[in-house]
Structure formats: C-alpha cells, structure tokens
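Novice: This is a predicted model, with the sequence first.
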Amino acid sequence: MEVLRTVDDMQVHADGARQEGQSLALVPTLGALHEGHLALVRTALEEADHVTVSVFVNPTQFGPDEDYDDYPRDLEGDKEKLKALGVDALFAPPVEEMYPYADDESRQLSGPLAWVGVDRLDETLCGAYRDDHFRGVTTVVTKLFHACKPDIGVFGKKDAQQYVILKHLVEDLLFDIDIVGGATVREADGLAQSSRNAYLDDAEREQATVLYEAVTAAREAVEGGEQDAQAVVRAMDTALATAPDAEVEYAEVVDAHTLQPIDHLAPGEEVLAAVAVYFGDTRLIDNAFVQVPTA
Ligand code: PAF
C-alpha cells in the first residue's frame, strides 16, 4: 500500500493507475477506522480495481465548540487495517497540505478563500444545529475528489444528510463521479458504529440503543401505513424518552431527496427518519431511509 502525503503525489499515483486502465474508488474518512469504515472499504474493493482511502480530520467541518482537537486519531492503526484489506493507497495529507494558507496570520487568513456549498439541503436536520458543517464537508470532499480522481466515492449512509448532499453535489456540479452508499454497520444491540461511541460511559452506552429503537419505530410506523409525519415523529419520541440521559437534539421525518420537512407521507415516496441525541457531550446520530408503501 502506498502512503501518500501530498496532493501532487496522490494525483501522480492516481494518474498512473488510470493509465493502466484501472477504475478508481475513493473512501474518504476522518480516520480512527472501525468496522463501519472497513465495510465501506470492502464495498470499494468490490466496485473498483484500485482503492484509495483518505484519512484526514478536516478542520473546516468542525464548529468552534466541537471535538476537532479531541477527535480520535490513530494513523498507524488505520494503516495496518487498510493494508490487511488490500487497499492500494492511503492518502493522509497534513492540514497545511489541504489548506495551505488557512492559518497564515501574515495574510490575516483564518480559513480557505474558496468554498463549495449547497443550498437548502444543509439547513435541516444536522445542518440546522451545525453551522457551516456541510460547507466544510462539501469543500473537503471536492478537494479529495480532485486529488484522488476517483470514478466512485463510497460514503456511509449513517451520515444520511451528508450522503444526500454529496449525491446532489456531484449531479448538480457535473462531477464525473458516482456516489455509492454503504449500509450502516451496527453493534449486536443495534447501536450504529461510530468513532464517537468510544466517548460513552457504561450507562450511556447501554442507553444509546434508543437511537436505533427510535428509527426502527419510525420504519415500522411508515411501513405499517402511517402517513402523518407527526405521528411518525411521536413514535420516535416515545422510544427516545426511555433513555433518561438522552438529550434529544432532533427527531424528524423529511423527504429523502430534498431533506425538506413533510407533513404527509405520499405513497411511493422515500422518506428519511433521522435522530440526533446527546449523551453528555457526545452527540450521536442515526437514521432510516424508508419507502412509503403504495397500498
Ligand atoms: O463522513 C466523514 O467521515 C467526513 O465527513 C468526510 C466525508 C470524510 C469528509 O471529511
């Protein structure tokens, strides 16, 4: 496995693979890889000849009060896991490589000058609570796409809003890249795998299954014929209320393509039931994409 630290080296490497006629996949990650990430890598290995995984804790998608400094980092451990799976390249640029003058005080800059963003899609769900988070994601993913030049990008559907936004990004801005979504990988009790689960104490970890129970309740309500979005939200709220330490940020049902709120679930449409919950300082999310039955 090649370990590449600069955009130039990554581009030369990707050009080489492409000249050999290989199809290329990129799996962007923040690192601290767990089974959820490795499942995405396995999907990429099935879908393309050459797989790059990027490990980059992207500062522009963390708010000032968020866990950028404390976010788990384990590049050596990540390397071993990726080598064992047969990944071709690991792209792990330092921050200055991705944002060369982001902290250049002499030029009075405290961030990039060019951004990539979406409209409306980032105003609901997590976007309503995490200012500029998705602008940071769409900007860094665009840069990673230019560095790694993939045919496909593989992203977890656990980050449902990110997944939907990136699908619109490549479509609206004519990137010649397909976004492939990987199913959420769960612990035996249903908790979605996340690097942030490591922050939970025992009592919080036990209660954290309510996120899965809430989105499962939403799925069952919709599949059972419920067409009133508020009734689906009530089913989620009831599940979440069983965890005494859960601070619910949101529990919502939105259109799965526009991410806009809906009142009525139209037969044949796809909806997204999504929750964000704090346990102490730890923020967890989960979701379910559900097809509204036609009869
Ligand atoms: O989902 C993530 O891990 C990040 O948001 C991503 C896509 C790697 C961009 O930094």
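Specialist: Structure received.

Novice: Where does the stretch 151-295 of the chain get nearest to the ligand, which residue?
Specialist: residue 159 (4.9 Å; CB to the nearest ligand atom). Every residue, glycine included, has its C-beta placed from N, CA and C.

Novice: Please name the residues that touch the closest residue to that residue other than its chain neighbours.
Specialist: Excluding the flanking residues, the one nearest residue 159 by CB to CB, 6 or more residues apart in numbering is residue 285, at 7.4 Å. By CB atoms under 8 Å, 6 or more residues apart in numbering, the contact set of residue 285 is 126, 158, 159, 192, 194, 211, 274, 275, 276, 277.

Novice: so when I look at residue 285, I'm seeing a helix, right?
Specialist: No: Residue 285: not assigned to a helix; according to DSSP: H, G, I helix; E, B strand; the rest coil it is strand.

Novice: Tell me where the stretch 151-295 of the chain has helices.
Specialist: Secondary structure of the stretch 151-295 of the chain (DSSP state H, counting those that start in this stretch): helices located at 160-172, 202-207, 210-223, 229-240.

Novice: can you put the ones you listed in a markdown table and add mean pLDDT?
Specialist: Listed next are the helices of the stretch 151-295 of the chain as a markdown table, based on pLDDT from 0 to 100:
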| stretch | mean pLDDT |
| --- | --- |
| helix 160-172 | 98 |
| helix 202-207 | 98 |
| helix 210-223 | 98 |
| helix 229-240 | 98 |
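
Novice: returning to that earlier point: by pLDDT, rank the contacts of residue 285 and give me the bottom one.
Specialist: Least confident of those in the model: residue 194, at 94.

Novice: So what's the residue count around residue 59?
Specialist: Residues within reach of residue 59, counting by other CB atoms under 10 Å, total 17.

Novice: for residue 238, same thing?
Specialist: For residue 238, the count of nearby residues is 13 (other CB under 10 Å).

Novice: residues near the residue lying closest to it once chain neighbours are set aside, how many?
Specialist: Sequence neighbours aside, residue 217 is the residue nearest to residue 238 in space, at 7.0 Å (criterion: CB to CB, 6+ apart). Number of residues near residue 217 (other CB under 10 Å) recorded here: 22.

Novice: Then residue 96?
Specialist: Here the number of neighbours of residue 96 (other CB under 10 Å) works out to 11.

Novice: What of residue 258?
Specialist: Neighbours of residue 258 (other CB under 10 Å): 14.

Novice: now do residue 295
Specialist: Residues lying near residue 295 (other CB under 10 Å) number 5.

Novice: Does it touch residue 267 like I think?
Specialist: Yes: at 7.4 Å, residue 295 counts as touching residue 267 under the criterion of CB atoms under 8 Å.

Novice: Quickly compare the helices of the stretch 151-295 of the chain and say which is most buried.
Specialist: Highest mean neighbour count among the helices of the stretch 151-295 of the chain (mean count of other CB atoms under 10 Å): helix 210-223, with a mean of 22.

Novice: Next, the angle helix 229-240 makes with that helix.
Specialist: 150 degrees (axes from the mean of the first three to the mean of the last three CA atoms, to 10 degrees).

Novice: Enumerate every residue touching residue 219.
Specialist: Neighbours of residue 219 in contact, by CB under 8 Å, 6+ apart: 273, 288, 290.

Novice: and these, which of them are in strands?
Specialist: Among the contacts of residue 219, the members found in strands (DSSP state E) are 273, 288, 290.

Novice: Quick check: chain neighbours aside, which residue is closest to residue 205?
Specialist: Using CB to CB, 6+ apart, the closest residue to residue 205 is residue 197 (7.1 Å).

Novice: ok, residue 181 touching residue 155?
Specialist: Yes: the criterion here is CB under 8 Å, and residue 181 meets it with residue 155 at 6.2 Å.

Novice: secondary structure class for residue 90?
Specialist: The three-state assignment at residue 90 reads strand, by three-state DSSP.

Novice: How about the secondary structure of the closest residue in space to residue 114 that isn't next to it in sequence?
Specialist: Distances taken as CB to CB, 6+ apart place residue 139 nearest to residue 114, at 7.8 Å, with adjacent residues excluded. Secondary structure for residue 139, judged by three-state DSSP, is helix.

Novice: Please tell me how far residue 139 sits from residue 122.
Specialist: Distance, residue 139 to residue 122, by CB to CB, to the nearest Å: 12 Å.

Novice: how many neighbours does the residue of the stretch 151-295 of the chain closest to the ligand have?
Specialist: Neighbour tally, residue 159, other CB under 10 Å: 19.
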